[in-house]
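>>> Quick one: sequence plus predicted model below, questions after.
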Amino acid sequence: MINDPRQAAQVLRTLALDEGLKARIPGDPVLGPLARKVADRYVAGESLEDALPRVAEVLDRGHRANAEYMGESCRDAERAARETDVFVELARRLPAGCSVSLDLSHIGLAISTDLAFENGTRIAEATAAAGREMVISAEGSERTDAILAVHRRLGERFDHVGVTVQARLHRTAEDLAGLLALPGRIRLVKGAFLEPETIAYARDDKSLADAYLRYAELLAGSGHPCSFATHDWDLIHGVEALLGAPSAGAPWEFETLLGLGPDRIAAMAERGHPTREYVVFGTEWWLYVCNRLAEDPNRLFQALVDAAS
């Protein structure tokens with residue numbers, strides 16, 4: 001019997017990593033429709049056509065948008081090329097004020113860093129032509145070295161390619177020192193993946209909040225383009241205290257995920273801070289939704305309501 005929220009979170013993160021379930025659940029005639037009802041809160045649909053109206057809603061609320069076509073662990077080079085085509089189309093069709101995010105393993109990192117760089121270059125060229133940022137998302141720590149290597153290669157050719165760092169990982173302090181020497185936005189998140197405590201803080205460890213604010217202070221003081229991505233009110237207020245009064249052209253922004261924290265970025269926007277909402281779409285939503293629930297096991301109650309609605 002699970003009677004500890006941390007146990008529930010660990011179970012959810014373990015389920016998220018099960019590639020067999022990722023393939024079976026959406027197509028299951030019974031579980032698939034129920035799971036989609038849960039996913040609808042966090043996912044803007046399965047196609048770009050579904051996502052574009054949700055992006056427009058974000059812009060209408062006065063925020064910037066960050067769109068991602070979900071997927072990970074693609075191990076077929078031809079499929080990785082086709083998935084890259086979707087990102088190129090996304091870069092072309094998004095309205096102004098929108099950036100593009102992606103998992104490198106979606107476009108070939110699970111095969112080789114060279115393939116990820118090749119496909120990432122295509123997306124970087126498309127986003128540059130459209131005048132929008134491209135931000136590489138975080139994945140499990142076993143891929144961090146490869147992600148940073150590809151990002152560095154892209155950063156040597158483009159000045160608009162950013163990357164995501166996880167405050168949970170003990171290595172982030174060292175990683176940030178190198179990233180600040182490269183162009184492109186640095187997106188700071190807590191980190192949602194299942195990680196051993198030898199290399200990462202536990203999600204409920206007070207040291208995680210301390211680390212997040214320590215990295216936020218470093219980013220704020222650097223003047224480097226950055227995003228503070230969190231739904232934690234204490235962290236939001238802590239970061240705001242570090243930033244001081246917002247000013248025109250501030251290099252930072254506060255970011256929340258679709259379906260989570262709309263009151264947070266609304267409050268930050270009212271105070272004059274740049275804000276962004278992260279909009280995801282695609283058919284591979286299993287890992288993403290499990291991680292959203294795992295971040296706060298109390299969301300399981302909302303998931304039951306959504307599934308039964």
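In hand now; what should we look at? This one's a predicted model, so the numbers in the text were calculated from it and none came from an experiment.
>>> contacts and neighbour counts: CA atoms only from here.
Will do.
>>> what about the strands in this protein?
Along the chain, the segments classed as strands by DSSP state E run 64-69, 98-102, 134-136, 161-166, 186-189, 226-229, 252-257, 275-281.
>>> Just send those back as a markdown table, with distance to V55 too.
Listed next are those as a markdown table, based on distance: least, CA to CA, whole Å:
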| stretch | distance to V55 |
| --- | --- |
| strand 64-69 | 6 |
| strand 98-102 | 8 |
| strand 134-136 | 16 |
| strand 161-166 | 20 |
| strand 186-189 | 20 |
| strand 226-229 | 18 |
| strand 252-257 | 12 |
| strand 275-281 | 7 |
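>>> Kindly export stretch 81-100 (C-alpha atoms) in CSV.
C-alpha atoms of stretch 81-100 as CSV (Å, rounded to 0.1, in the frame of the first residue of the first chain):
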residue,chain,number,x,y,z
ALA,A,81,14.2,13.1,-39.8
ARG,A,82,10.4,13.1,-40.2
GLU,A,83,10.0,14.4,-36.6
THR,A,84,12.5,17.2,-37.4
ASP,A,85,10.3,18.2,-40.3
VAL,A,86,7.5,18.8,-37.8
PHE,A,87,9.7,21.2,-35.8
VAL,A,88,10.7,23.0,-39.0
GLU,A,89,7.0,23.5,-39.8
LEU,A,90,6.3,24.6,-36.2
ALA,A,91,9.1,27.2,-36.5
ARG,A,92,7.5,28.6,-39.7
ARG,A,93,3.9,28.6,-38.5
LEU,A,94,4.0,29.9,-35.0
PRO,A,95,3.0,33.6,-34.5
ALA,A,96,5.5,36.2,-33.2
GLY,A,97,6.3,36.0,-29.5
CYS,A,98,6.7,32.2,-29.6
SER,A,99,9.8,30.1,-29.1
VAL,A,100,10.3,26.4,-30.0
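>>> chain center to that stretch, what's the gap?
Chain-centre distance of stretch 81-100: 16 Å, with CA atoms, centre = their mean, to the nearest Å.
>>> I'd like to know which of the strands of the chain is closest to L148.
Closest to L148 of the strands of the chain is strand 161-166 (CA to CA; 8.1 Å).
>>> Now do the closest one against strand 98-102: the angle between them, please.
Counting by axes from the mean of the first three to the mean of the last three CA atoms, to 10 degrees, strand 161-166 lies at 60 degrees to strand 98-102.
>>> among the strands of the chain, which is nearest V43?
Closest approach to V43 among the strands of the chain (CA to CA): strand 275-281, 5.4 Å.
>>> State whether V88 and A126 are indeed in contact, as I suppose.
Yes - V88 lies in contact with A126 (CA atoms under 8 Å); the separation is 5.7 Å.
>>> Check L31 and give its pLDDT.
pLDDT, L31: 66.
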